[in-house]
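**Q** just to be clear, the model below is a prediction. Sequence and coordinates:
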Amino acid sequence: MNQKLRLGVNIDHVATIRNARGGIHPDPVRAAKIVASVGGDGITAHLREDRRHIRDADIERIMDATDLPLNLEMAATDEMLDIALRHKPHAACIVPEKREERTTEGGLDAAGQHNNLMPFISKLRDANIRVSLFIEAEPRQIEAAIHLQAPVVEFHTGRYAHFGFDGDAKGVESELKRISDAAALAAKNGIEAHAGHGLTFENVQPIAAITQLAELNIGHYLIGEAIFLGLEESVRKMRSLMDAAR
Ligand code: PXP
């Protein structure tokens, strides 16, 4: 039987809209509660260095508001390490971060930054925070995750999504194979495989059909669709597309 595929909903962009006016509405905590009420399996939030969406005070409020596990995305900096150790979210997903980028544009170079990441990851592990590395679906990055004893990797699906937006069927096929091979390699080595970035109602199913994937983290599209469908329906529809693909 297929393992159930978890859906983590990234609520960053509720905070982006809130911050556009500098007030308190719309509140990402309200979004987290709705996600919990319609069968989302987790909340994902990225505390960026520039705090462009989720802010420090949101973390505690989100963790208090629901029983869903929080997957805190963060760069491998001392500041973020302190924050993670203070709040102890269920998981910390280490992402590369460039101040000028619009969103996380590529995977973490876990292989190249191995020595810097090792002490960082062991401190999170000692605090019982589940470490996930947001990487490209490449064997050398998975090897690095094995050496770093990361229990989870999340594969960046941005290239897959972009080939689809460009109508490049060959590109989509080759990315799917790359992600599927990487998920199999991770699973063979006892690492839980997640995926996310740029996933939509149109492109989620081939990714959801990769049986070695345990979780998808989806944000921008779900929050965008919530404008038209409402957040409940947006999450429900994604959930049912994922279930139908398994
Ligand atoms: N997973 C990670 C690690 C991310 O950084 C992001 C974007 O913040 C996502 C998933 C969600 O991507 P999207 O907002 O494109 O669905």
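**A** Everything's here; your move.
**Q** now do the buried residues in stretch 135-150.
**A** For stretch 135-150, a neighbour-count test (16 or more other C-beta atoms under 10 Å) marks 135-138, 141-142, 144-146, 148, 150 as buried. Bear in mind the C-beta positions are built from the backbone N, C-alpha and C, glycine included.
**Q** now that stretch: mean pLDDT?
**A** Regarding stretch 135-150, the rounded mean pLDDT is 97.
**Q** and the contacts of it?
**A** Stretch 135-150 has contacts (C-beta atoms under 8 Å, 6 or more residues apart in numbering) with 106-111, 114, 117-118, 121-122, 125, 131-133, 153-156, 175, 178-179, 181-183, 185-186, 189, 191.
**Q** do the same with stretch 100-111
**A** 46, 73, 76, 94-98, 117, 133-136, 138, 140-141, 143-145, 148, 150, 155-156, 158, 197, 220.
**Q** try it again at 7 Å.
**A** Outside stretch 100-111, the residues that touch it by C-beta atoms under 7 Å, 6 or more residues apart in numbering are 94-96, 117, 133-136, 140-141, 143-145, 148, 156, 197.
**Q** can you confirm whether that stretch lies near the ligand?
**A** Yes. Stretch 100-111 reaches the ligand (C-beta under 6 Å from any ligand atom) through 103-104.
**Q** any idea how far apart the tips of that stretch sit?
**A** 23 Å (C-alpha to C-alpha, to the nearest Å).
**Q** follow-up on the earlier one: quick check on the contacts of stretch 135-150: which are buried?
**A** By neighbour count, with 16+ other C-beta under 10 Å, the contacts of stretch 135-150 hold 106-111, 117, 121, 125, 131-133, 153-156, 175, 178-179, 181-183, 185-186, 191 as buried.
**Q** and those, which of them are in helices?
**A** 117, 121, 125, 175, 178-179, 181-183, 185-186 (DSSP state H).
**Q** and those residues near the ligand, which?
**A** Okay, of these, nothing touches the ligand (C-beta under 6 Å from any ligand atom).
**Q** closest to Leu5 among these?
**A** Using C-beta to C-beta, Ala183 comes nearest to Leu5 of those, at 11.4 Å.
**Q** so the spatially most central residue of the chain, which state does it fall into?
**A** Residue closest to the average C-alpha location in the chain (C-alpha atoms, centre = their mean): Asn217, at 4.1 Å. Three-state assignment for Asn217 (DSSP: H, G, I helix; E, B strand; the rest coil): strand.
**Q** for it, which residues are in contact?
**A** Taking C-beta under 7 Å, 6+ apart, one finds 8, 10, 44, 71, 154, 194, 196 in contact with Asn217.
**Q** now, which of the ones in helices among the buried ones among the contacts of stretch 135-150 sits nearest the ligand?
**A** In terms of C-beta to the nearest ligand atom, no member of those lies closer to the ligand than Ile179, at 13.4 Å.
**Q** and the pLDDT at the closest one?
**A** For Ile179, the predicted pLDDT is 98.
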